[in-house]
Every structure is written in structure tokens, then in C-alpha cells.
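A.B. asks: Just a sequence and a predicted model for now, questions to come.
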Amino acid sequence: MMPQTINAKLPTQWGEFTIHALEKMPDGKEHIALSMGNIQSDPPVLVRIHSECLTGDAFASLRCDCGPQLEAALEKIATEGRGILVYLRQEGRGIGLVNKIKAYALQDQGQDTVEANINLGFKADQRDFTIAANILDILDVKKVRLMTNNPRKVSALETANIEVVERVPLKFGRNPHNEAYLLTKHGKLGHLLD
Ligand SMILES: Nc1nc2c(ncn2[C@@H]2O[C@H](COP(=O)(O)OP(=O)(O)OP(=O)(O)O)[C@@H](O)[C@H]2O)c(=O)[nH]1
Ligand SMILES: [Zn+2]
């Protein structure tokens, strides 16, 4: 089945975005992209690939850095007047919401974010970023400036023939509750954080 896109206006506190709802995607999930300005033209467009995190995005959880990263990305796009936020439905690095809460419970007992995933029978990170490349293809975007600290996102796009002309670090939302979590991302998952 061919993917389908439904577009509508989405006014936000940062300005007016277009919301693109994508259905009939290869993984069967309903993904979302928010765009602002003319995204197809030159120069390469500012892009954020954000993984769903209900606790951080909606409940302002301090266990991770997702909420502040989401807001900072939308604000940066709005400041440039041009860009795309791809919102991937890959909650909990792809293990799902309930499993992420199970991982949190193990972390409450002293495990780190990677050990908890492994003990639940998952890989440290179950996400597949090729779906983000599919979405950029559908939006007819070929060259991007990617806001991320995760080198895996850069290589996944390049493997899928989306050129990443620049990696823009996105370091927001550090707090005493997520200090250990960020250290583990840096030490075990390869995120470029200092
Ligand atoms: N399994 C699991 N997932 C988590 C945990 N904390 C946050 N997440 C999920 O991790 C995803 C965000 O990934 P991160 O590793 O924080 O960052 P990233 O997307 O790889 O990298 P950046 O582009 O630099 O933000 C979201 O889907 C969150 O729901 C956790 O302790 N366990
Ligand atoms: Zn989060």
C-alpha cells in the first residue's frame, strides 16, 4: 500500500506550522511531520527527527531530555522560518510505552537505561530511522541540516540517500534527574554529549 499524506494548518506558540499526517507507512504506524516555510528549495533545510516520548513530551518528565529538545527544535525552526520536525512513533526507543515504564521501574532499582532494556529482552535501542528517511522522501527533501546528538540518525539518513550537510547539536534539558541517563547515552549509546 502506498503511504498517504494529509496536510492541515497547525498554529502553535512558535508560529504556524503545516501538520502532515502520514498513513499506510511501511511499519504500519501513523507518523507526523510539522513543517514551516518552503522546505523543498535551497539551502538545505533544518530538520529534527524526534522519537515519541509521552512522558517527556506531554507530562514534562525530568527523567529524560525529550520535552525541552522538542520545544527547542520547534523554536529553532520557527526562528529560521523554515524547517521540519519529524515525529516518529517509536516510543521508548522502539520498545513501546508500557515497556518503557517497566524499564523505568528497573532503573528505580539501580539499573541504567541500557541494562534495563537488555533485561527486558530488547536491544539497547530498537529504533529504525529509515522510516524518517521515507518521510523526508515523501516531503521531497534531499539535503538537510540535522538537529541531533545521535550519530546513528545521521548515518541512517545518509544510507537512505538523504544528504546531511551539517549536524546541529541539540543540547537542552539537562537537569539533576537525568544526569545519569545522559551519561549513559554518552557512554553506551554513542551520543555526542559532553
Ligand atoms: N527504553 C527506554 N527509552 C527511553 C528511556 N528514556 C527515554 N526513552 C526514549 O528515548 C527516545 C529518545 O531518545 P534519546 O536517546 O533520548 O535521544 P535520541 O533521539 O537518540 O538522540 P537526539 O537526537 O540527540 O535527541 C524516546 O522515544 C524516549 O521515549 C529509557 O529509559 N528507556
Ligand atoms: Zn523522553
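C.D. replies: Nice, thanks for sending it over. Ligands and ions are numbered 1, 2, ... in the order given.

A.B. asks: What segments of this structure are helices?
C.D. replies: Under the criterion DSSP state H, the chain carries helices at the ranges 54-57, 66-80, 97-108, 113-119, 130-138, 151-159, 179-188.

A.B. asks: close to ligand 2, is stretch 176-193?
C.D. replies: No - Stretch 176-193 does not reach ligand 2 (C-beta under 5 Å from the ion); its nearest approach is 8.7 Å. No exception for glycine: its C-beta is placed from N, CA and C like everyone else's.

A.B. asks: What parts of this protein come near ligand 2?
C.D. replies: Residues of the chain lying near ligand 2 (C-beta under 5 Å from the ion): 53, 56, 64, 66.

A.B. asks: Give me the residues contacting stretch 126-135.
C.D. replies: Contact with stretch 126-135 is made by 3, 22, 25-27, 29, 31, 33, 49, 51, 86, 88, 90, 93-95, 117, 152-153, 156-157, 159-162, as judged by C-beta atoms under 8 Å, 6 or more residues apart in numbering.

A.B. asks: now these: which count as buried?
C.D. replies: Neighbour-count burial within the contacts of stretch 126-135 applies to 22, 25, 31, 33, 49, 51, 86, 88, 90, 93-95, 117, 153, 156-157, 162; the criterion is 16 or more other C-beta atoms under 10 Å.

A.B. asks: ok, now which ones touch the residue nearest to Y87 when sequence neighbours are not counted?
C.D. replies: Leaving aside its sequence neighbours, Y87 sits nearest to I32 (C-beta to C-beta, 6 or more residues apart in numbering; 4.2 Å). Residues near I32 by C-beta under 8 Å, 6+ apart: 19-22, 86-87, 89.

A.B. asks: What residues does this protein have near ligand 1?
C.D. replies: Where the chain comes near ligand 1, counting by C-beta under 6 Å from any ligand atom, the residues are 51-53, 64, 66, 69, 90-93, 95, 100, 103, 113, 117, 148-150, 153, 170, 185, 191.

A.B. asks: From the centre of this structure outward, give me the first residue you hit.
C.D. replies: H50 (1.5 Å; C-alpha atoms, centre = their mean).

A.B. asks: Is it correct that it is in contact with P68?
C.D. replies: No - between H50 and P68 there is no contact under C-beta atoms under 8 Å: 11.6 Å.
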